[in-house]
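> generate a structure from the sequence data that follows.
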Amino acid sequence: MIFNMKIMKRFFILMLIPLLFGLKGFAQFSKAEVSIIGLTCSQCSRSVEMMMKKLPFIKSVNMDLANTEAIVSFSKDKTIDFRKLAQSVRDAGFDLKQIKASYSLNTDETKPSFNFCFIEDKDLFYPVKDYKTQKTEIQILLLDKNMMSKKEFKKYRSQIGAAKNPCKEKASYSIPYLLID
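Below is the predicted model of the structure:
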């Protein structure tokens, strides 16, 4: 009987270890495609690149003049502020069309019925509709009026307005998004 109690205690302790250290794994934004309006020459491209590189959460910027976009990689363990990223494009003298961001998920967080709300720093990201996915890296279109052109925002305004924030979490700023297939 004493032997069984020792085994049970060890088993119980081993089962508690994951709970003590947390079951959630690392999840964060890894990169973004920033579409820019009016990007026509290499000097324009360089201007935007230099403004983006001033942001502390930017690891690298690769400009794609043919598609008028910047492919931005984010530094790990840095707070990413998409409003500042959008503002850097405006500060360089250009308009932002849209931001598509890649978010890496822990497999424990990936669910067949995807209704994923997440908080990064003080921003709450929430889907405007339910999705189904098994992917561990998703790409999302940020549907915030400060992160896209007025023309693009008008395309999605009805979806944003019809969406009810499904998240229970609260944050100082909420950003709706669409999952991109």
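> you'd agree residue 92 is up against residue 48?
Yes. Contact criterion CB atoms under 8 Å: residue 92 and residue 48 qualify, at 4.4 Å. All C-beta spots, glycine's among them, are computed from the backbone N, C-alpha and C.
> burial of residue 180, as a residue count?
Using other CB atoms under 10 Å, residue 180 is surrounded by 12 other residues.
> related to what we said a few turns ago, of residue 92 and residue 48, give the one with the bigger neighbour count.
residue 48 (26 against 18).
> quick check: the more buried one touching residue 40?
No. Between residue 48 and residue 40 there is no contact under CB under 8 Å: 11.5 Å.
> mind listing what's buried along stretch 147-164?
For stretch 147-164, a neighbour-count test (16 or more other CB atoms under 10 Å) marks 147, 148, 149, 152, 153, 156, 163 as buried.
> scratch that, stretch 50-63 is what I was asking about
51, 52, 55, 57, 58, 61, 63.
> ranges for the strands of this structure?
If DSSP state E is used as the criterion, the strands of the chain fall at 28-37, 58-64, 69-74, 95-104, 113-114, 118-120, 123-127, 131-132, 137-142, 173-180.
> out of those strands, flag the one nearest residue 84.
Comparing the strands of the chain against residue 84 with CB to CB, the closest turns out to be strand 58-64 (9.7 Å).
> now the angle from that closest one to strand 69-74?
160 degrees (axes from the mean of the first three to the mean of the last three CA atoms, to 10 degrees).
> will you turn the strands of the chain into TSV that also has mean pLDDT and distance to residue 80?
Below are the strands of the chain laid out as TSV (pLDDT from 0 to 100; distance: least, CB to CB, whole Å):
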stretch	mean pLDDT	distance to residue 80
strand 28-37	95	5
strand 58-64	97	9
strand 69-74	97	5
strand 95-104	94	8
strand 113-114	49	21
strand 118-120	83	6
strand 123-127	89	9
strand 131-132	72	22
strand 137-142	92	11
strand 173-180	91	11
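> tabulate these (CSV), appending distance to residue 82.
Shown next, in CSV, are the strands of the chain (distance: least, CB to CB, whole Å):
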stretch, distance to residue 82
strand 28-37, 8
strand 58-64, 12
strand 69-74, 10
strand 95-104, 6
strand 113-114, 21
strand 118-120, 9
strand 123-127, 8
strand 131-132, 20
strand 137-142, 6
strand 173-180, 7
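> which one of those strands lies closest to residue 81?
Nearest to residue 81, of the strands of the chain and by CB to CB, is strand 123-127 at 7.9 Å.
> and the closest one, which strands flank it?
strand 118-120 (antiparallel), strand 173-180 (parallel) (DSSP bridges).
> turn those into JSON lines, columns for distance to residue 130.
Output for the strands paired with strand 123-127, formatted as JSON lines (distance: least, CB to CB, whole Å):
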{"stretch": "strand 118-120", "distance to residue 130": "15"}
{"stretch": "strand 173-180", "distance to residue 130": "10"}
